[in-house]
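*Asks:* Model the following, please.
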Amino acid sequence: MGFKNTEGSDKPSETEGGGDTRLVLTERDRAAINQRASKGIVRVIVAQAIMLSVAVLASWLVSGRAAAASALIGGCAYLVPNAIFALRLLVGLWGPAQSSPFTFFVGEAFKLGTAVIVLGLAAWLGSGWVVWPALVVGLLFVLKGYVLLLASRRLP
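*Replies:* Numbering: from 1, shown residues only. Here you go, the predicted model:
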């Protein structure tokens with residue numbers, strides 16, 4: 001059994017197909033799905049930013065400015081490319097540029113590659129002052145930002 005939208009109707013209708021089953025969404029359905037996906041993407045980025053703030057503040061209170069800066073570098077190594085990728089996904093949902101599975105995999109590669117480059121630069125340029133435990137804490141807090149959504153029952 002398949003679904004097909006009828007002329008003038010806002011609801012999908014069922015049609016018999018010779019083995020071809022597919023769902024055709026109405027524009028209202030697509031808009032609702034895009035709205036929910038957009039909210040989820042924004043929630044994840046905001047949760048990661050909050051977790052980074054917590055890591056920077058805790059590092060600063062425990063070990064001072066160098067630790068806070070290290071936590072900020074560690075967290076931003078993943079948060080900034082993730083936010084750029086999220087923006088690209090939002091443009092794909094609401095703008096003229098369409099997203100595809102290939103776009104998703106390129107975005108994931110961009111995020112991971114950028115994080116590796118930033119962490120490598122931190123090791124190379126900040127070898128005298130970087131506080132590595134704080135840097136790792138900042139990175140881990142951003143990576144586990146969804147825990148904040150889980151705890152607040154706001155998962156997308």
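*Asks:* Share the number of residues neighbouring the closest residue in space to Leu57 that isn't next to it in sequence, please.
*Replies:* The spatially closest residue to Leu57, leaving aside those adjacent along the chain, is Ala68, at 7.6 Å (Cβ to Cβ, 6 or more residues apart in numbering). All C-beta atoms are positioned from the backbone trio N, CA, C, and that covers glycine. Other residues near Ala68 come to 21 when the count uses other Cβ atoms under 10 Å.
*Asks:* Val130 - that's part of a helix, no?
*Replies:* No. Counting by DSSP: H, G, I helix; E, B strand; the rest coil, Val130 is located in no helix; its state is coil.
*Asks:* In contact with the nearest residue to it once chain neighbours are set aside, which residues?
*Replies:* Spatial nearest neighbour of Val130, excluding adjacent residues (Cβ to Cβ, 6+ apart): Ser70 at 5.1 Å. By Cβ atoms under 8 Å, 6 or more residues apart in numbering, Ser70 lies in contact with Ser59, Ala122, Gly126, Val130, Val131, Trp132, Ala134, Leu135, Gly138.
*Asks:* now do 7 Å
*Replies:* Contact analysis of Ser70 by Cβ atoms under 7 Å, 6 or more residues apart in numbering lists Ser59, Val130, Val131, Ala134, Leu135, Gly138.
*Asks:* Turn these into JSON lines, columns for neighbour count and pLDDT.
*Replies:* Converted to JSON lines, the contacts of Ser70 look like this (neighbours: other Cβ atoms under 10 Å; pLDDT from 0 to 100):
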{"residue": "Ser59", "neighbour count": "27", "pLDDT": "97"}
{"residue": "Val130", "neighbour count": "17", "pLDDT": "94"}
{"residue": "Val131", "neighbour count": "23", "pLDDT": "95"}
{"residue": "Ala134", "neighbour count": "27", "pLDDT": "96"}
{"residue": "Leu135", "neighbour count": "25", "pLDDT": "96"}
{"residue": "Gly138", "neighbour count": "31", "pLDDT": "96"}
